[in-house]
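Trainee: The following comprises the amino acid sequence and a computationally predicted model.
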Amino acid sequence: MKDDSEYRFERESMGLSVNSSRIIGKEPYLVNRLILGGDSANVVLSASTGTGKTTLMLGLAICMAQGKPAWGKLHIPRPLRVAYIDQESVPEQVREFVGNIAEVYGTPEKGMLTAISGTAEAYSIEREGSLRTLTERLRRLRPDFVFLDGWQ
């Protein structure tokens, strides 16, 4: 087990910022070696359209919600409450896509994965008050991690 100074060095050298005051138990990662824990842990995934970002994120979200190793390899210390917000798809598409991915990874316990269609809820950076509404909803859900898909 590495001491905190070794983790701090790794975080700084990878250009990531984390507030280590909210680490889960003694685990500094939500997903081992991929997603750090803490209030300011951020991960940005960017690639061309149609390259599988959504599939990758939903698979990871489902593994996190179940507390199962991501892709059978990356340790997740416990089941996490996850919110997945898709800004581009209508609710039916989001439900179908989550269902298809859950067929592969399994279905999380009720309340552990919340999938939201941003188009249905009209969450948009341009729409006044919508981000405040989204923030309030997320406060009620109290997710450990939030995936934002398709936000520009």
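Mentor: In hand now; what should we look at?
Trainee: Mind listing what's buried along stretch 80-93?
Mentor: 80-87, 89 (16 or more other Cβ atoms under 10 Å). Where C-beta positions appear, they are placed from N, C-alpha and C, glycine not excepted.
Trainee: The closest residue to Ile116 other than its chain neighbours: which element?
Mentor: Spatial nearest neighbour of Ile116, excluding adjacent residues (Cβ to Cβ, 6 or more residues apart in numbering): Ile85 at 4.6 Å. Assigned by DSSP states H and E, Ile85 belongs to strand 82-86.
Trainee: That strand packs against which elements?
Mentor: helix 53-66, helix 91-105, strand 113-117, helix 118-121, helix 130-141, strand 145-149 (3 or more Cβ pairs under 8 Å, 6 or more residues apart in numbering; DSSP states H and E).
Trainee: Residues touching the first one, excluding its own?
Mentor: To tie it back to what came earlier, the one meant is helix 53-66. Applying Cβ atoms under 8 Å, 6 or more residues apart in numbering, the set of residues contacting helix 53-66 from outside is 30-31, 45-47, 69-71, 76, 79-82, 84, 86, 97-98, 101-102, 104-109, 112-113, 144-145, 147, 149.
Trainee: relative orientation of that helix and strand 113-117 in degrees?
Mentor: Counting by axes from the mean of the first three to the mean of the last three Cα atoms, to 10 degrees, helix 53-66 lies at 150 degrees to strand 113-117.
Trainee: Send me helix 53-66 as CSV with only the CA atoms.
Mentor: Extracted C-alpha coordinates of helix 53-66, given in CSV (Å, rounded to 0.1, in the frame of the first residue of the first chain):
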residue,chain,number,x,y,z
LYS,A,53,-17.9,7.0,-25.4
THR,A,54,-21.5,6.4,-24.2
THR,A,55,-21.2,2.7,-24.2
LEU,A,56,-17.9,3.0,-22.2
MET,A,57,-19.4,5.4,-19.7
LEU,A,58,-22.6,3.4,-19.2
GLY,A,59,-20.7,0.2,-18.7
LEU,A,60,-18.5,1.9,-16.2
ALA,A,61,-21.6,3.5,-14.5
ILE,A,62,-23.3,0.1,-14.1
CYS,A,63,-20.2,-1.5,-12.7
MET,A,64,-19.8,1.4,-10.2
ALA,A,65,-23.4,1.1,-9.2
GLN,A,66,-23.0,-2.6,-8.5
